[in-house]
Each structure stands twice: as C-alpha cells, then as structure tokens.
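**Q** Give the three-dimensional model of this entry:
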Amino acid sequence: MAVNLKKPKNEDLHTISGIHLGTAIAEIKNKGQRDLLIISLPEGSVVAGVFTKNQFCAAPVIVAQENIKQTNKTRALIVNTGSANAGTGEIGIKDARDICKSLAFKLKIKPHEVLPFSTGVIMEPLPVKKIQKKISEAIEDLNESNWQLAAEAIMTTDTIPKAISRQVTIQGQIINITGISKGSGMIHPNMATMLAFIGMNANISSKMLNQLIQEVTKESFNCISVDGDTSTNDSFIMMSTNQADHSQINLDNKDYYILKSVMLDVAINLAQAIVRDGEGATKFITIKICEALNYTEAKKIAMTIACSLLVKTAFFASDANLGRILSAIGNGEVEGLDIKKVDIYLNDLLFAEAGALAASYNADSAQLEMKKSEIELRVMFGRGDGSVTIWTSDLSYDYVKINAEYRT
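**A** The predicted model follows:
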C-alpha cells in the first residue's frame, strides 16, 4: 500500500475550461481496467514537454518530440497503458504515428497536432487495432470533469491514482491548475518521471511555458528515485488553454513567479505521490543535502544515497545500520571531501558528527526513528552553500515480487 497517500476525490479536482478528458477500456493488459486516455485541448492552447534521456527512448517519445517541435498548436494527447511501445524499432514509430492519425481523423485535426504516450511492458508491439477500436468510445467520454478517471486510466503497477489541484489568483483572475501522474517502479528520472500531465487556464506565452516546465522539473520530478532505473517512456507535459482574462505572461516577472510557485507545489505533490506509491514501498524518505560545494555536488550525493540498495534495505528493516549511509556518501566521488566536517541527522537525531559516531548517539532512539513511516535524512557537509532535497523509498520483499512477476 502507498505510504500515507490517499485516493484523490474527483470533487476536489478543479476543471480546466477547454480541457476535456475521456477514457476507455481497450483491454491492452487487464480486462475491465481503463487503459486508454484522450485529452483534447481548445485552439489557442500552448503545450510544453520534457522527455526521457534514456537512449532507448520509446517510439511515442520520439513521435511526441517530433510533433511538439513541428507545431505550436497541439490539440490532443493520447495515452495507453499495458504496452510501452519501446524497443520496437521502426514498426513502433509507425504504430505511434498511426495512432496519431486515427485520433486526428476522428477529431478533425492534423496528425502532428496529436502527442502519443505509452507505458507498460518494453519490447512488446503496440496493439494498434485495440486502441483504434476504442478511440471513438474515449472521444464520446470527453468531459472537463474526468480528471480522476484519467488518473486511473494511466496506472500500471500503481496501487492508487495520483491527482491534485490548486488555485491561484493572477491580476484578479482565478487560475485553476490540475495535474495527474503515474509511476511506481522504474523511477529515477533524468528530466521528468514516467507520465505526468498538468493543465491550467493561465494566459502564458509558449516561451515562458517552456521555461516554466524546465524550472519546475528540476525541483520536482528530477528529485525522486524509487529504484535507480530511468524509464524509456518518461514524459511530463504542461498544457495551458490561455483562456484566463489577464494579460499574457511573457516575461520573467511577478506574475510568472506567482504561477511558478503554485505549479511547483502541484508538481512536487505529484512527484512525491509516485515515491509514496513506489513498488512495495513501506517508507517515504526525504534526503536533504546541505552545505555542499554546489547544487551539482549536492544532487550527486543525494542520489547516491537514494540508490544504495544497502541503505534502502536498512530502512525497510527499520535497522539502524547507519554506517551504510556513510559508506554511500563515501562512494559519491566527492573531490576534496573533509569527512571531519560531515554531520548527519536521522530526523532530528544527530548520529554522525565530524564523520564519526556522535557522542550523543543513542541506539534505542535511532531504532525508534527508523520505525517511522516517514523519515528525513539530513547531511551537513560544511563546505559551501549547495543544497538539494530529494525523495525516495525503501526496498522491500514486495518490490522483488512485483518485478519478478511483472509479465505474469
């Protein structure tokens, strides 16, 4: 079960005027489970995206990147689960384009105005006919209030749908922001994570939306890890209908930073939800690196700790074998590290001081902290002003079971 994560309520998710969502059951993997999502956008919308840097990137990622570069008039997105359409070569790219053509024909738009997304098993062909057969059904279901069903339709090994809404006022106009994400395993983003879609009605230029998604990604989806594996299909899309009645945000100004603050809150919550629902996760772990030489160094050390199997299994066992954390830091290849300046806290408990066991350390207290479902690990380097916060999970027996049985 997800760590302290509740199923979203549809009534808590704000509609975005002009953004319609429709789902269908194409039976790509599991019978009776929604596995196809269509999102339609009104004319005048702007869209920005970031995609996986995995060099075996999936066919839909290739096609989506091509289409988003070709036009600034994206009008629809189509998402399927059950098949990643990755490692499928030229046939996979043709299949992704055919899906775009099929949806474009139904919506009376151009194929390059459609962005395709897939998630599921790698190196299995996309069931094109199953998807095409259900496109009309998903179109008939298009509704501004379908955000929760949309979140359910993009789930794979997720145990709970992930969705969140916020509101912000800009120039006296209420801006609704609603987002959904999916992800549970193969989570170690190098741009975004798995699949995430955030919509809003703000009036913003394409240039500023692209800046916004880059800045937000850096502090949210690029700061999580479940298992150290970057997916072939990672995609994060921001959509804005530009229907709010305020002057366009086209500069790095006060309105931009107001919007960015709320958008970042939405993205961080969606990213954290993925970690909380990490495959087999029983602990939600925040890793804060402080006083590193710079941001790059801080991020490198944080991810080294987060990806250490020995650290992750110690957290799962609630075992205060905290020397594993020191070992992980030492493996981070930090040049010129003075270990005598390193202090480490487990929640508020100082357990390592000046690179060694703290004089005040109490094993019983440490054991109690390790048993908590939410844990903060704070590392003070004492060598600069670089800092970062990332989120990760433990590694349990269930993670092995889920992935060992993934295709069965």
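
**Q** from what I can see Lys341 touches Phe381, true?
**A** Yes. When contacts are counted by CB atoms under 8 Å, Lys341 is listed as touching Phe381 (6.5 Å). (Each C-beta comes from the backbone N, C-alpha and C, glycine too.)

**Q** Show me which of those two is the more surrounded one.
**A** Phe381 (24 against 13; other CB atoms under 10 Å).

**Q** quick one: that one from Leu346, how far?
**A** Phe381 sits 17 Å away from Leu346, going by CB to CB, to the nearest Å.

**Q** Quick check, Cys290 in contact with Leu377.
**A** No. Under the criterion of CB under 8 Å, Cys290 makes no contact with Leu377, lying 11.2 Å away.

**Q** Between these two, tell me which one has more neighbours.
**A** The residue with more neighbours, out of Cys290 and Leu377, is Leu377; 22 against 18, by other CB under 10 Å.

**Q** Tell me the helix or strand right after the longest helix anywhere in the chain.
**A** Longest helix of the chain, by residue count under DSSP state H: helix 254-276. Counting by DSSP states H and E, the next helix or strand C-terminal to helix 254-276 is strand 284-292.

**Q** Need the CA coordinates for the helix or strand immediately after that next one in the chain. PDB is fine.
**A** Following strand 284-292 in sequence order, the next helix or strand is helix 295-306 (DSSP H and E). The C-alpha atoms that make up helix 295-306 are tabulated as PDB, following Å, rounded to 0.1, in the frame of the first residue of the first chain:
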ATOM      1  CA  TYR A 295      24.000  22.100  -6.400                       C
ATOM      2  CA  THR A 296      25.500  19.600  -8.700                       C
ATOM      3  CA  GLU A 297      27.600  18.000  -5.900                       C
ATOM      4  CA  ALA A 298      24.600  18.000  -3.500                       C
ATOM      5  CA  LYS A 299      22.400  16.300  -6.100                       C
ATOM      6  CA  LYS A 300      25.000  13.700  -6.900                       C
ATOM      7  CA  ILE A 301      25.400  12.700  -3.200                       C
ATOM      8  CA  ALA A 302      21.700  12.700  -2.600                       C
ATOM      9  CA  MET A 303      21.100  10.300  -5.500                       C
ATOM     10  CA  THR A 304      24.000   8.100  -4.400                       C
ATOM     11  CA  ILE A 305      22.400   7.600  -1.000                       C
ATOM     12  CA  ALA A 306      18.900   7.200  -2.500                       C
END
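
**Q** Outside of helix 295-306 itself, which residues are in contact with it?
**A** Residues outside helix 295-306 that contact it (CB atoms under 8 Å, 6 or more residues apart in numbering) are 188, 223, 225, 228, 285, 287-290, 292, 311-312, 325, 328-329, 331-334, 377, 379, 381, 384, 386-390, 392.

**Q** In PyMOL, select just the buried ones from those residues.
**A** Burial among the contacts of helix 295-306 is assessed by 16 or more other CB atoms under 10 Å; the matching PyMOL selection reads:
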select buried, resi 188+223+225+228+285+287+288+289+290+292+311+312+325+328+329+332+334+377+379+381+386+387+388+389+390+392
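
**Q** Filter the contacts of helix 295-306 down to just the ones in strands.
**A** Applying DSSP state E to the contacts of helix 295-306, the entries found in strands are 225, 285, 287-290, 292, 377, 379, 386-390, 392.

**Q** tell me the two of those that are most distant?
**A** Ile285 and Gly386 (20.3 Å; CB to CB).

**Q** And the helices in this structure?
**A** Ranges of helices in the chain, per DSSP H, are 59-70, 89-107, 128-140, 147-153, 206-219, 254-276, 295-306, 309-316, 323-330, 363-370, 397-404.

**Q** Just name the most buried of those helices.
**A** Mean neighbours per residue, mean count of other CB atoms under 10 Å, is largest over the helices of the chain for helix 147-153, with a mean of 25.

**Q** That one packs against which elements?
**A** Counting by 3 or more CB pairs under 8 Å, 6 or more residues apart in numbering; DSSP states H and E, the packing neighbours recorded for helix 147-153 are strand 20-24, strand 36-40, strand 162-170, strand 173-182.

**Q** I'd like those strands laid out as JSON lines, including mean neighbour count.
**A** Output for these, formatted as JSON lines (neighbours: other CB atoms under 10 Å):
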{"stretch": "strand 20-24", "mean neighbour count": "23"}
{"stretch": "strand 36-40", "mean neighbour count": "25"}
{"stretch": "strand 162-170", "mean neighbour count": "19"}
{"stretch": "strand 173-182", "mean neighbour count": "24"}
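
**Q** May I see the ones you listed organised as a markdown table, with distance to Ile154 and mean pLDDT added?
**A** Output for those, formatted as a markdown table (distance: least, CB to CB, whole Å; pLDDT from 0 to 100):
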| stretch | distance to Ile154 | mean pLDDT |
| --- | --- | --- |
| strand 20-24 | 9 | 98 |
| strand 36-40 | 6 | 98 |
| strand 162-170 | 9 | 98 |
| strand 173-182 | 4 | 97 |
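
**Q** quick one: which of those strands is nearest Ser240?
**A** Closest among the helices and strands packed on helix 147-153, using CB to CB: strand 173-182, at 9.1 Å.

**Q** which other helices and strands contact that closest one?
**A** helix 147-153, strand 162-170, strand 195-200, helix 254-276.

**Q** ok, 10 Å please
**A** strand 76-83, helix 147-153, strand 162-170, strand 195-200, strand 235-240, helix 254-276 (3 or more CB pairs under 10 Å, 6 or more residues apart in numbering; DSSP states H and E).

**Q** wait, which of those is closest to Ile135?
**A** Closest of the helices and strands packed on strand 173-182 to Ile135 is strand 76-83, at 7.7 Å (criterion: CB to CB).

**Q** angle of that closest one against helix 89-107?
**A** Interaxial angle, strand 76-83 versus helix 89-107 (axes from the mean of the first three to the mean of the last three CA atoms, to 10 degrees): 130 degrees.

**Q** what residue ranges in the protein score low on pLDDT?
**A** By pLDDT under 70, the weakly predicted segments of the chain are 1, 191-193, 406-408.

**Q** what sits opposite Val79 in the beta ladder?
**A** Under DSSP bridges, the beta-bridge partners of Val79 are Leu37, Phe117.

**Q** residues near it, how many?
**A** Neighbours of Val79 using other CB under 10 Å come to 26.
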